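Colleague: okay, here's the prediction I keep looking at, along with the sequence it came from:
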Amino acid sequence: MEGNISPLLQPEQTGEVLIKYPAFDDPFAYVKSVDPLTRHQYYYIERLIGNNWITERDLLIVKTLFVHRWMTFTQICDLFFEGTDRPTVRRRIRKLLKYGLLRTITWRSYSKTKSKAACPSLYEIGASGADILNFKYGMRVGARDPRTAKATDLNYKFKYILTNELYIQMKRELQLMHFEFTPLVYLGDDLQVPTARYILRTPDGGDLEFYLICHRDDGKWTKTLRFQVEFFKKLMNETKQQFILVILVSDDTKAALANKIVQLGGFADYTWFVTDNDLYNPNLMLATSFFDIENDEKQYFDLRSESN
C-alpha cells in the first residue's frame, strides 16, 4: 500500500520487486466507485418495454445477472452479443445503465503492478432491473435488490466472476446439463454451501456430477478448505453419492497447497483442480484444463475423451 512504501526509492525500482497478484485474487483490491441508483418509476420502464426500447435480450441479461450476480463486460459479450463488435455492445450497455437495468462497480488495486485495464468493471442488476424482476416476473429479489443489498467484499464478488468464466467456457465447449449456484448440501445436522453444483454429459452418454469450491486469498481459505474436504468425503462415504470435487484457485502455487490439504484429508482420488491462469490462458481449452497433482506434477484430463 502506498502509505507503507518508502518514497525515497524510485518507482521503477519498487515496481521490480512488487508481487504481481492475479487479477481476481488481489488482497490490495478495493472498490473505487459504484454507480448511483436510478430513480425511474416502473410505469416508465414498462412503457420502454412495450415500445421495444428495452428488448427481450435486455430482459434476459437482467434475469441472468440476478442468478449470476456479477459479470464483466467481456462475459456479457460472450453470453449475449456473440459476433457483435464491442463499440456496439458498449452503446447498448450504456443504455441499460441509463435505464437502471444494470449498474457498474469500478475497482482498482493498491498494487502498483495493476493497470486500469487489469481491473475490469463488474456489472450487477440495477434498481430498475430489480423492479422488472419483481413486477414483471413476480420474482422475489430480496437482498439482491441493490437498494437493500447487504455489503459484500470484492473477494466474494471475484468468486462469482471466476465461476461465471468457468460456466461460460463449459457452456461453449462441453455438454453442460445443469448449473446451480450455492446449493445447500446437508448431511445430518451438517451443512455446506459450495460455490456451485453442475452436471456434465460425458462423451459416452453418462452424467458426471461436480461440486465446485472457489477460493480467494482471504487469509483463512486453507482452514475453510479442510472442513469442506472433510464434509464431502463424509458425504460420499455415507450416501454413496458419486461426484468430483473441483477446487478453483488462482494459480499453481495455491493449487499445490490445496492438493496437500486434500491428500491429508484422504480425498485426492475424487478431487480435481482448475486455476484462473488456465481459465484465462488463450492457448488452453477448458476441456483440457482440469487436472490433479501426482508427485508434484500436474496431470491434465481431457474431458472430450471417453476414458474420462
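Modeller: It's in. Numbers count the residues shown, from 1 in each chain.
Colleague: show me where pLDDT drops low in the chain?
Modeller: For the chain, applying pLDDT under 70 flags the ranges 1-21, 112-114, 306-308.
Colleague: break it into its domains for me.
Modeller: 2-151, 157-300 (automatic domain parsing).
Colleague: next helix or strand past the host helix or strand of Leu208?
Modeller: Using DSSP states H and E, Leu208 sits in strand 207-214. Sequence-wise, the next helix or strand downstream of strand 207-214 (DSSP H and E) is helix 221-239.
Colleague: would you map the strands across the stretch 1-150 of the chain?
Modeller: Under the criterion DSSP state E, counting those that start in this stretch, strands of the stretch 1-150 of the chain are mapped to 29-34, 71-72, 102-109, 122-125.
Colleague: which strands border the third one, and is each parallel or antiparallel?
Modeller: Strands adjacent to strand 102-109 in the sheet, as given by DSSP bridges, are strand 29-34 (antiparallel), strand 122-125 (antiparallel).
Colleague: of those strands, which is nearest His215?
Modeller: Closest of those to His215 is strand 29-34, at 15.5 Å (criterion: Cβ to Cβ). (Glycine included, C-beta is placed from N, CA and C.)
Colleague: thinking again about what came up before, got the domains of the chain as CSV, with mean neighbour count columns?
Modeller: Listed next are the domains of the chain as CSV, based on neighbours: other Cβ atoms under 10 Å:
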stretch, mean neighbour count
domain 2-151, 15
domain 157-300, 17
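Colleague: test my guess that Leu166 contacts Leu212.
Modeller: Yes: using Cβ atoms under 8 Å, Leu166 makes contact with Leu212 at a distance of 7.3 Å.
Colleague: who touches both of the two?
Modeller: Here Leu166 and Leu212 share the contacting residues Leu248, scored by Cβ atoms under 8 Å, 6 or more residues apart in numbering.
Colleague: quick one: contacts of the helix or strand where Ile161 lies?
Modeller: In this assignment (DSSP H and E), Ile161 forms part of helix 154-173. Residues outside helix 154-173 that contact it (Cβ under 8 Å, 6+ apart) are 24-25, 29-31, 68-72, 75, 78-79, 105, 107, 122, 176, 179, 181, 195-196, 198, 200, 212, 214-218, 248, 274, 276, 279-280, 285-287.
Colleague: same deal with stretch 175-189?
Modeller: Against stretch 175-189 from outside (Cβ under 8 Å, 6+ apart): 67-69, 160, 163, 167, 170, 191-201, 207, 211, 231, 234-235, 238-239.
Colleague: could you rerun that using 7 Å?
Modeller: Contacts with stretch 175-189, where a contact means Cβ atoms under 7 Å, 6 or more residues apart in numbering, come from 67, 167, 170, 191-201, 207, 231, 234-235, 238.
Colleague: CA atoms only for that stretch - export them in PDB, please.
Modeller: This file holds the C-alpha atoms of stretch 175-189, laid out as PDB (Å, rounded to 0.1, in the frame of the first residue of the first chain):
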ATOM      1  CA  GLN A 175     -22.300 -30.600 -22.700                       C
ATOM      2  CA  LEU A 176     -23.400 -28.700 -19.600                       C
ATOM      3  CA  MET A 177     -26.600 -30.200 -18.400                       C
ATOM      4  CA  HIS A 178     -27.100 -28.400 -15.100                       C
ATOM      5  CA  PHE A 179     -25.600 -25.500 -13.200                       C
ATOM      6  CA  GLU A 180     -26.700 -24.200  -9.800                       C
ATOM      7  CA  PHE A 181     -25.100 -21.600  -7.600                       C
ATOM      8  CA  THR A 182     -24.600 -22.100  -3.900                       C
ATOM      9  CA  PRO A 183     -26.600 -25.200  -3.400                       C
ATOM     10  CA  LEU A 184     -27.400 -26.200   0.200                       C
ATOM     11  CA  VAL A 185     -25.800 -29.600   0.900                       C
ATOM     12  CA  TYR A 186     -27.000 -31.300   4.000                       C
ATOM     13  CA  LEU A 187     -25.500 -34.300   5.800                       C
ATOM     14  CA  GLY A 188     -27.400 -34.900   9.000                       C
ATOM     15  CA  ASP A 189     -27.100 -31.700  11.000                       C
END
